[in-house]
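In: model this:
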Amino acid sequence: MTTYVCLLRGVNVSGKNRIPMAEWKANLEGLGFKDVRTYLQSGNAVFRASAAPDQMASAVKTRIARDFGFDVEVLVLKRSEIDRVADSNPLFPQLGTDETLFHATFLNKPVSKADFAKLKLSVQAGEQAVWGGAVIYLYCPHGYGRTKLNNSFFEKALGIPATTRNWRTVLALRALCAEP
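Out: Okay, the predicted model is just below:
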């Protein structure tokens, strides 16, 4: 079995698309996933399974619609992908170590460097966005809530579903994957 990370887009944000974590854990276990652990109230989960990531994402999406009554984007990543993202951030710690200023926007499929280069990035002073294939590394020194380089921007500009996590969450999910 392989360890996976499941990321949901737009769950438990501002009281919308609520999924209690105990029910979320039971929901994932009901799909046959093993050693399910959740992180925070955002739908982040780590588990072990044998299926392909796309199949699991589809099953989770269907189950959420059935059990909770709403449609959300689901991304399932192998532990090795989270490790790669955590190890490959070209901005951290070169621009500082305040983890709240760094983010990773996970794309549901990779984009080419050429397509990323075509984006008209509306950045404030000091902000940076760096291409990483299926992830975009962000540095938002004025805070993520103030940047125009948010999840919605990348979804619209690239035409791909995405979900963003702050750097502290990326590192916490990586650590959760390493737990026995």
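In: tell me which residue lies farthest from the centre of the protein.
Out: Centroid-distance maximum for the chain: Ala125 at 25.3 Å, with C-alpha atoms, centre = their mean.
In: so Ile82 sits right up against Leu173, yeah?
Out: Yes: in this structure, Ile82 is within contact of Leu173 by C-beta atoms under 8 Å, at 5.8 Å. Where you see a C-beta, it was placed from the backbone N, CA and C, and this is true even at glycine.
In: can you list residues touching both of these two?
Out: Val5 (C-beta atoms under 8 Å, 6 or more residues apart in numbering).
In: what sits against Leu75?
Out: 6-7, 9, 57, 106, 108, 161, 163.
In: disregarding residues adjacent in the polypeptide, which is nearest to it?
Out: Take Leu75 and drop its neighbours on the chain: the residue closest to it by C-beta to C-beta, 6 or more residues apart in numbering is Leu7, 4.6 Å away.
In: now swap in Gly133 and tell me
Out: Excluding the flanking residues, the one nearest Gly133 by C-beta to C-beta, 6+ apart is Pro110, at 4.4 Å.
In: host element of the one you found?
Out: Per DSSP states H and E, Pro110 falls between elements, in no helix or strand.
In: where does it land on pLDDT?
Out: Listed pLDDT for Pro110 reads 96.
In: so it touches Phe116, yeah?
Out: No: using C-beta under 8 Å, Pro110 is not in contact with Phe116; the gap is 9.9 Å.
In: ok, those two, which is more surrounded?
Out: Phe116 (20 against 14; other C-beta atoms under 10 Å).
In: which element, helix or strand, includes that one?
Out: Secondary structure from DSSP H and E places Phe116 in helix 113-117.
In: now that helix, how far from the chain's geometric center?
Out: On the basis of C-alpha atoms, centre = their mean, to the nearest Å, helix 113-117 sits 20 Å off its chain's mean C-alpha point.
In: can you name the element that comes right after it?
Out: Assigned by DSSP H and E, the successor of helix 113-117 is strand 128-131.
In: buried set for stretch 51-66?
Out: 51, 53, 56-57, 59-61, 64 (16 or more other C-beta atoms under 10 Å).
In: quick one: contacts of the lengthiest helix in the chain?
Out: Assignment by DSSP state H gives helix 53-68 as the longest helix of the chain. By C-beta under 8 Å, 6+ apart, the surrounding residues in contact with helix 53-68 are 4, 6, 8, 17-19, 23, 27-28, 30-31, 33, 49, 51, 70-78.
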